[in-house]
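Participant: Provided below for reference: sequence and predicted model.
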Amino acid sequence: MTRQTVKRIVICLVFPALLFGAGWYAHDWHDRSSSNMPERRARLSGFKYISPLLDVELPEGYEVNREPIPFKQKVAKFVDQQIKSGAVRNMSVYYRDLSDGPWFGINERAKYHPASMMKVPVMIAWLKRAEKDPSVLKSKLTFDEKIYTGPPQKLKPEQTLQSGHSYTIEELLLHMMQFSDNKALKLLGSVMSQEEFEYVLDNMDITSDPDYDHNSITVRTYSGFLRILYNASFLNKEMSELALQMMSSQDFPQGMAAGIPPGVKLASKFGEYWTKENPNLYQLHEFGIVYHPKGPYILGILTQGHDGEKQADIIRAVSEIVYKSVDMPNRK
């Protein structure tokens, strides 16, 4: 079976599930797997004579004019302690300096359910449409509670859509990102074509993983969404700025935001996942860009455990460790 055939099959299975907020058969990012984590490049398709470069990730530990990131071992030790103590069953961390590109991953191949973090490519698809016609963002849709079905949310939105009310696309995108509102996701998805969403996945170098039959992402693969937004290499500058602005208003104060000083900008998205069959196996994640005064960096923390409050506290702790490490003159 060819890659394109597999991709089409998975898209057909995935897309309806996303619209109803009931799960996500996510594509695993194509990392050209090997034991030494080779460099990765994503290029924009659809052109005959050019091949625009969207993103490059060099092998782990590569830095310009510096030694490999010294505080990786501090973070790795903390992660190991959380797993050994039983605070979490599994945990992964990704860090990347956006100034010159060095990165590290801890348990970067472990796979998790992406949950609400996959609202980011939905937002990107809508903003890609708005590039061609900015008036799209001012068009309105009306929400009908009767046609909404979706999973419960332990981290309930502070605000949610009201039945019978009309909202602009921009308001719906903000609801979806700021409050992680599944109702906004459902309404936005109901008028989005599979082709539009597939275009985002294709050009961000996402492919299916036929050997893994569960919803899956890794910290390394998901990081590409934030790198491409930060570099404004897929969306234009205005829409990339709007996307990260929407992500900067996220209502998850107990996560990464609690680990950085007040006033430091953070553009992030969290996600949570569990099933009725196994409610004690709870996944809680957050991925974002921290705008540190010394330079912005990406931080992603994916956790699997049984205590959401404890997992949120662990996300906060990692955020604090990394921020303070970046803050130090020698980054140790």
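Facilitator: Good, I have the coordinates.

Participant: so who does the residue most central in space within the chain touch?
Facilitator: Nearest residue to the geometric centre of the chain (C-alpha atoms, centre = their mean): residue 117, 4.4 Å. Contacts for residue 117 (C-beta atoms under 8 Å, 6 or more residues apart in numbering) come out as 217, 222, 269-271, 285, 287. C-beta coordinates here come from the backbone N, C-alpha and C atoms, glycine included.

Participant: sec struct for it, please.
Facilitator: helix (DSSP: H, G, I helix; E, B strand; the rest coil).

Participant: separation between it and residue 105?
Facilitator: Going from residue 117 to residue 105 by C-beta to C-beta, to the nearest Å gives 16 Å.

Participant: Show the average pLDDT along whichever strand or helix holds residue 92.
Facilitator: In the assignment (DSSP states H and E), residue 92 maps to strand 90-97. Strand 90-97 shows a mean pLDDT of 96.

Participant: quick one: buried residues of the next helix or strand after it?
Facilitator: Next helix or strand after strand 90-97 toward the C-terminus (DSSP H and E): strand 103-106. Along strand 103-106, these residues count as buried under the neighbour rule (16 or more other C-beta atoms under 10 Å): 103-106.

Participant: Then stretch 293-313?
Facilitator: Quick answer for stretch 293-313 (16+ other C-beta under 10 Å): 296-306, 308, 310-313.

Participant: now swap in stretch 81-98 and tell me
Facilitator: In stretch 81-98, residues buried by neighbour count (16+ other C-beta under 10 Å) are 82-83, 87-88, 90-98.

Participant: Tell me which stretches of the stretch 101-250 of the chain form strands.
Facilitator: Applying DSSP state E, counting those that start in this stretch to the stretch 101-250 of the chain gives strands spanning 103-106, 140-142, 166-168, 206-207.

Participant: okay, those in TSV with mean pLDDT next?
Facilitator: As requested, the strands of the stretch 101-250 of the chain are exported to TSV (pLDDT from 0 to 100):
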stretch	mean pLDDT
strand 103-106	94
strand 140-142	97
strand 166-168	98
strand 206-207	50
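
Participant: closest one to residue 328 among those strands?
Facilitator: strand 103-106 (16.4 Å; C-beta to C-beta).

Participant: what's the offset of the closest one from the middle of its chain?
Facilitator: A distance of 16 Å separates the centroid of the chain from that of strand 103-106, by C-alpha atoms, centre = their mean, to the nearest Å.

Participant: What is it packed up against?
Facilitator: The contact analysis (3 or more C-beta pairs under 8 Å, 6 or more residues apart in numbering; DSSP states H and E) places strand 103-106 against helix 72-85, strand 90-97, helix 219-230.

Participant: Check the secondary structure at the closest residue to residue 248 other than its chain neighbours for me.
Facilitator: Counting by C-beta to C-beta, 6 or more residues apart in numbering, residue 248 lies nearest to residue 267, which is 4.3 Å off, once chain neighbours are set aside. Three-state call for residue 267 (three-state DSSP): strand.

Participant: Over to the one 5 residues further on?
Facilitator: Per three-state DSSP, the secondary structure class of residue 272 is strand.

Participant: Might you list the low-confidence residue ranges for the stretch 1-150 of the chain?
Facilitator: For the stretch 1-150 of the chain, the stretches flagged by pLDDT under 70 are 1-68, 150.

Participant: Excluding its own residues, what touches stretch 130-147? List them.
Facilitator: Contacts of stretch 130-147 (C-beta under 8 Å, 6+ apart): 126, 129, 161-170, 172-173, 183, 187-188, 190-191, 235-236, 239.

Participant: Enumerate the positions of that stretch that are buried.
Facilitator: Buried residues in stretch 130-147 (16+ other C-beta under 10 Å): 130, 137, 141, 143.

Participant: Do a quick rundown of the helices in the stretch 201-332 of the chain.
Facilitator: 219-230, 237-247, 308-327 (DSSP state H, counting those that start in this stretch).

Participant: how about the CA coordinates for the longest one, as CSV?
Facilitator: These are the backbone C-alpha positions of helix 308-327, laid out as CSV (Å, rounded to 0.1, in the frame of the first residue of the first chain):
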residue,chain,number,x,y,z
GLY,A,308,-4.5,15.3,36.8
GLU,A,309,-3.7,17.8,39.5
LYS,A,310,-0.3,16.2,40.1
GLN,A,311,0.4,16.0,36.4
ALA,A,312,-0.4,19.7,36.1
ASP,A,313,2.0,20.4,38.9
ILE,A,314,4.7,18.4,37.2
ILE,A,315,4.2,20.4,34.0
ARG,A,316,4.6,23.6,36.1
ALA,A,317,7.8,22.2,37.7
VAL,A,318,9.4,21.4,34.4
SER,A,319,8.5,24.8,33.1
GLU,A,320,10.1,26.4,36.1
ILE,A,321,13.3,24.3,35.8
VAL,A,322,13.8,25.1,32.2
TYR,A,323,13.1,28.8,32.6
LYS,A,324,15.5,29.2,35.5
SER,A,325,18.1,27.2,33.6
VAL,A,326,17.8,29.4,30.6
ASP,A,327,18.0,32.4,32.9
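
Participant: Sweet, I'm off.
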